[in-house]
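Participant: Here is my input; please provide its structure:
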Amino acid sequence: MRRRQGEEGKEKKARRRRQGEEGKEKKARRRRQGEEGKEKKARRRRQGEGKEKKARRRQGEGKEKKAMRRQGEEGNEKAMRRQGEGKEKKAMRRQGEEVPKEDGRGKHGNYPHKFQDEAVQSVREFLNAIPKYNSHYSRQQNVNQVYLDCDLTIASLFRDKYSEYCKEKQVPAVSESKFREIFVSEFDIGFKLPKSDTCSQCEGFLIAINNPELCAEDVTEKKQQCELHLKKADRGQNMIASLTALAKEHSKEHHVIAMDMQQTFPTPKLTAGPAFYKRKIWTYNYGIHDCGSNKGYMFLCSEKDGGRGSDEVGSCLLKFLEITNPHRQNVST
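Facilitator: Here you go, the predicted structure:
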């Protein structure tokens, strides 16, 4: 029993020693970690102080440079003022009168990025050479206003047309901003609105020609049909032009007219809320243009008086003939 108690006592003492050594090791580790943390904090403080010093130096240098620049600019301004005042005083003394100095802004002639006169002139020649159209409805109010095709823009003109023009003519080109400035400030050119009432056959031919699924033979056939269709349209336009010239020369014997029914419009035209839900009466306008005299005649009627059938059109034609031929007594169809 005593031996066992002695052995247990020895084991307890060994355990205590081990625990004591482990506690010492833990304390040593904590001390090391604390010292390392202190070193890290000190490094961070040093780095922060270094950054602050650098920032202060930069700010100080920037302030010194700004101050030196200001002083130099002020000195230059004072010197220029003195020179200007001295020149003015000398001129006034010579003339004997007090004359204000002429404004010299923009007249120094020092423009390092100025475009060449040949390049600016190339823009004017290009814009004068491209085909333009006059307005059909507002040409009397805007005599000088001309229009370009609706598929064009200022950017596409510069990118696709003007660049090729300069390469062909071998002349220097301007930038897009300068091209736009000349286009807007020196020329009265607009762009036509997209067409809203186009030929259905022409649109069908264009869709078929641009279809990638069609073979080359079908595309060629569609192109031939489209060309034939356009030739027929040109033939009709040429016939109208020749007959119009004949009617102008022999106005008493020949009449050439163009007829069209305007889009029906509701009457009255009100913007009030209750009127929006009310049923309006429809008004029809049948227009006849005399190509020989270049005069237009409008025949208005409401749906109460008639419709848009053949009888109403015939009545408008008879009325037109009575107006244009007052001396003829018997006018019939």
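Participant: Next, count neighbours for Lys192.
Facilitator: Applying other CB atoms under 10 Å, we find 14 residues neighbouring Lys192. For the C-beta atoms, the positions are set from N, CA and C on the backbone; glycine is no exception.
Participant: let me fix that: Tyr297
Facilitator: When counting by other CB under 10 Å, one arrives at 16 neighbours for Tyr297.
Participant: What residues are recorded as beta-bridge partners of the nearest residue to it once chain neighbours are set aside?
Facilitator: Nearest residue to Tyr297 in three dimensions, chain neighbours excluded: Ile288, at 4.7 Å (CB to CB, 6 or more residues apart in numbering). As for beta bridges, Ile288 partners with Met259, Tyr297 under DSSP bridges.
Participant: Just to check, Ile288 is in contact with Leu317?
Facilitator: Yes - at 7.5 Å, Ile288 counts as touching Leu317 under the criterion of CB atoms under 8 Å.
Participant: Neighbour count for these two, which is higher?
Facilitator: More crowded of Ile288 and Leu317, by other CB under 10 Å: Ile288, with 21 against 17.
Participant: residues in contact with the more buried one?
Facilitator: Each residue near Ile288 by CB atoms under 8 Å, 6 or more residues apart in numbering is listed here: Ile257, Ala258, Met259, Gly296, Tyr297, Phe299, Cys316, Leu317, Phe320.
Participant: pLDDT score for it?
Facilitator: Predicted confidence (pLDDT) for Ile288: 91.
Participant: same deal with Glu97?
Facilitator: 56.
Participant: about what we covered before: can you list residues touching both of Ile288 and Leu317?
Facilitator: Met259.
Participant: can you give me the end-to-end distance of stretch 247-257?
Facilitator: Stretch 247-257 has an end-to-end distance of 10 Å (CA to CA, to the nearest Å).
Participant: Same question for it: list its buried residues.
Facilitator: Ala247, His255, Val256 (16 or more other CB atoms under 10 Å).
Participant: now it: mean pLDDT?
Facilitator: Here stretch 247-257 scores 82 as its mean pLDDT.
Participant: swap in stretch 306-324?
Facilitator: Summarised as a single mean, pLDDT over stretch 306-324 is 86.
Participant: before we move on, what about stretch 162-178?
Facilitator: 87.
Participant: which non-adjacent residue is nearest Lys280?
Facilitator: Pro266 (3.7 Å).
Participant: List the contacts of whichever strand or helix holds that neighbour.
Facilitator: Per DSSP states H and E: Pro266 is located in strand 265-267. With contact meaning CB under 8 Å, 6+ apart, strand 265-267 is reached by Lys280, Ile281, Trp282, Thr283, Asn285, Ser302.
Participant: How about residues contacting the helix or strand just after it?
Facilitator: Remark: after strand 265-267, the chain's next helix or strand is helix 273-276, criterion DSSP H and E. Helix 273-276 is contacted by residues Pro268 when judged by CB under 8 Å, 6+ apart.
Participant: What mean pLDDT does helix 273-276 get?
Facilitator: The model assigns helix 273-276 a mean pLDDT of 72.
Participant: Can you give the distance of that helix from its chain's centre?
Facilitator: Computed by CA atoms, centre = their mean, to the nearest Å, the chain-centroid distance of helix 273-276 equals 37 Å.
Participant: Which positions within that helix qualify as buried?
Facilitator: For helix 273-276, a neighbour-count test (16+ other CB under 10 Å) marks nothing as buried.
Participant: same question, stretch 149-158
Facilitator: Per 16+ other CB under 10 Å, stretch 149-158 contains these buried residues: Ile154, Leu157, Phe158.
Participant: In JSON lines: these, plus secondary structure.
Facilitator: Shown next, in JSON lines, are the buried residues of stretch 149-158 (DSSP: H, G, I helix; E, B strand; the rest coil):
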{"residue": "Ile154", "secondary structure": "helix"}
{"residue": "Leu157", "secondary structure": "helix"}
{"residue": "Phe158", "secondary structure": "helix"}
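Participant: Following element in sequence after the helix or strand harbouring Gly48, please.
Facilitator: Here Gly48, judged by DSSP H and E, is contained in helix 2-95. Heading C-terminal from helix 2-95, the first helix or strand you meet, by DSSP H and E, is helix 117-129.
Participant: And the helix or strand following that following helix, how far out from the chain middle?
Facilitator: Scanning forward in sequence from helix 117-129 by DSSP H and E, the next helix or strand is strand 133-134. Its chain's C-alpha centre and that of strand 133-134 lie 22 Å apart, by CA atoms, centre = their mean.
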